[in-house]
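Visitor: What follows is a protein structure lacking sequence information:
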Ligand SMILES: C[S@@+](CC[C@H](N)C(=O)[O-])C[C@H]1O[C@@H](n2cnc3c(N)ncnc32)[C@H](O)[C@@H]1O
């Protein structure tokens with residue numbers, strides 16, 4: 001795990017630029033990629049700024065900006081749709097098994113509550129993010145949807161400074177009932193301290209049977225030279241937009257940390273497994289080598305622990 005100074009976005013008044021970028025990647029995937037789509041974010045277009053909306057909408061602009069000016073980052077795009085697909089597959093299974101709370105940590109412009117109105121009676125959605133990003137999102141939802149979905153609650157939290165558990169409680173989260181958490185595109189922007197603190201607060205305030213899915217950036221020494229060069233470029237790109245990447249893991253260091261915080265490993269999804277499960281023989285999309293996904297659960301205490 002790397003360490004670093006506190007995130008400069010703490011208490012930030014800026015809205016997240018990376019949140020708009022990844023929503024643009026989902027919008028472009030649905031509009032321009034050949035089917036079958038990995039992930040169908042039918043509301044992503046509505047979450048974009050006018051500039052990124054135009055990029056996603058018009059093929060020449062999409063080509064110029066996405067494939068030429070930012071073309072070097074194309075290998076990073078697949079991680080954005082693959083991680084959402086994996087998460088929502090797992091989430092739907094959890095809802096079918098009776099989980100009624102979905103907490104989206106660092107929600108950005110995630111549109112689950114807008115897309116899955118069919119699940120509105122079955123699951124309450126809590127979106128956790130910087131207040132500035134949530135203000136913009138609220139306006140975009142109102143414009144696109146006319147109202148905020150009844151089952152959606154915004155929980156303004158800065159992971160670096162606020163107490164997640166207190167804010168969740170104020171928002172009506174029921175810590176006696178299991179929840180499903182996602183934490184996509186966020187861990188690498190946080191300090192190790194904020195990651196550990198968030199995991200502790202989730203573990204302390206979640207009922208047994210709760211689950212968490214997230215993606216993480218692997219340590220540089222695990223990357224090929226080619227991916228490492230791209231990763232460093234990407235880090236520079238997001239840092240220049242005020243969102244430096246601060247933390248990475250090896251699968252082993254992640255597992256060890258999660259165990260120390262009381263989590264049980266359910267599944268690790270390295271790129272090979274992403275390929276096997278979602279891409280098969282497809283060659284037009286290649287998983288991003290340095291983003292792995294992981295799923296952990298909070299299990300009921302064993303009989304031995306209870307003694
Ligand atoms: C790359 S975006 C991902 C958004 C969303 N999860 C997705 O996959 O579309 C990163 C998100 O993490 C949020 N974030 C980063 N650092 C944060 C912090 N310290 N506290 C709260 N949110 C944070 C940003 O505001 C942004 O919405």
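Guide: Nice, thanks for sending it over. Worth saying up front: this structure is predicted, and the values here are computed from it rather than measured.
Visitor: now the residue of the stretch 201-307 of the chain found nearest the ligand, nearest residue through space, not along the chain?
Guide: Residue of the stretch 201-307 of the chain nearest the ligand, by Cβ to the nearest ligand atom: residue 243 (6.8 Å). Placement of C-beta: from N, CA and C, glycine included. Nearest residue to residue 243 in three dimensions, chain neighbours excluded: residue 18, at 5.2 Å (Cβ to Cβ, 6 or more residues apart in numbering).
Visitor: which residues touch that neighbour?
Guide: Neighbour list for residue 18: 108, 185, 189, 238, 241, 243 [criterion: Cβ atoms under 8 Å, 6 or more residues apart in numbering].
Visitor: Buried residues in the longest helix along the chain, which are they?
Guide: Determined from DSSP state H, the single longest helix within the chain is helix 77-96. Residues of helix 77-96 classed as buried by neighbour count (16 or more other Cβ atoms under 10 Å): 77-88, 90-91, 94-95.
Visitor: Ok, stretch 115-134 next?
Guide: 116, 119, 123-134.
Visitor: Just send the residues you listed back as JSON lines, with distance to residue 258 and secondary structure too.
Guide: Shown next, in JSON lines, are the buried residues of stretch 115-134 (distance: Cβ to Cβ, whole Å; DSSP: H, G, I helix; E, B strand; the rest coil):
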{"residue": "116", "distance to residue 258": "28", "secondary structure": "coil"}
{"residue": "119", "distance to residue 258": "28", "secondary structure": "helix"}
{"residue": "123", "distance to residue 258": "24", "secondary structure": "coil"}
{"residue": "124", "distance to residue 258": "25", "secondary structure": "strand"}
{"residue": "125", "distance to residue 258": "24", "secondary structure": "strand"}
{"residue": "126", "distance to residue 258": "21", "secondary structure": "strand"}
{"residue": "127", "distance to residue 258": "23", "secondary structure": "strand"}
{"residue": "128", "distance to residue 258": "19", "secondary structure": "strand"}
{"residue": "129", "distance to residue 258": "23", "secondary structure": "strand"}
{"residue": "130", "distance to residue 258": "25", "secondary structure": "coil"}
{"residue": "131", "distance to residue 258": "28", "secondary structure": "helix"}
{"residue": "132", "distance to residue 258": "30", "secondary structure": "helix"}
{"residue": "133", "distance to residue 258": "27", "secondary structure": "helix"}
{"residue": "134", "distance to residue 258": "28", "secondary structure": "helix"}
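Visitor: which two from these end up farthest apart in space?
Guide: Pairwise distances across these (Cβ to Cβ) peak at 28.1 Å, for the pair 119 and 132.
Visitor: For the stretch 101-250 of the chain, list the residues in contact with the ligand, please.
Guide: Within the stretch 101-250 of the chain, the positions lying close to the ligand (Cβ under 6 Å from any ligand atom) are 106-110, 129-130, 133, 157-160, 184-186, 189-190.
Visitor: so when I look at residue 141, I'm seeing a helix, right?
Guide: Yes. Remark: residue 141 belongs to a helix, assigned using DSSP: H, G, I helix; E, B strand; the rest coil.
Visitor: Which SSE is immediately downstream of the helix or strand where residue 104 lies?
Guide: For residue 104, the host element (DSSP states H and E) is strand 101-105. For strand 101-105, the succeeding helix or strand toward the C-terminus, using DSSP H and E, is helix 112-115.
Visitor: Return the list of helices and strands in contact with that next one.
Guide: When contacts are defined as 3 or more Cβ pairs under 8 Å, 6 or more residues apart in numbering; DSSP states H and E, helix 112-115 sits against strand 124-129, helix 131-145.
Visitor: mean confidence score for the first one?
Guide: This means strand 124-129. Per-residue pLDDT over strand 124-129 has a mean of 98.
Visitor: report the angle between the axes of that strand and strand 101-105?
Guide: Between the axes of strand 124-129 and strand 101-105, defined by axes from the mean of the first three to the mean of the last three Cα atoms, to 10 degrees, the angle is 10 degrees.
Visitor: residue closest to the middle of the chain?
Guide: residue 184 (1.3 Å; Cα atoms, centre = their mean).
Visitor: Not including adjacent chain positions, what is the nearest residue to that residue?
Guide: Among residues not flanking residue 184 along the chain, residue 83 sits closest, at 5.2 Å (Cβ to Cβ, 6+ apart).
Visitor: Give the full set of residues in contact with that neighbour.
Guide: Per Cβ under 8 Å, 6+ apart, neighbours of residue 83: 184, 185, 215, 291, 293.
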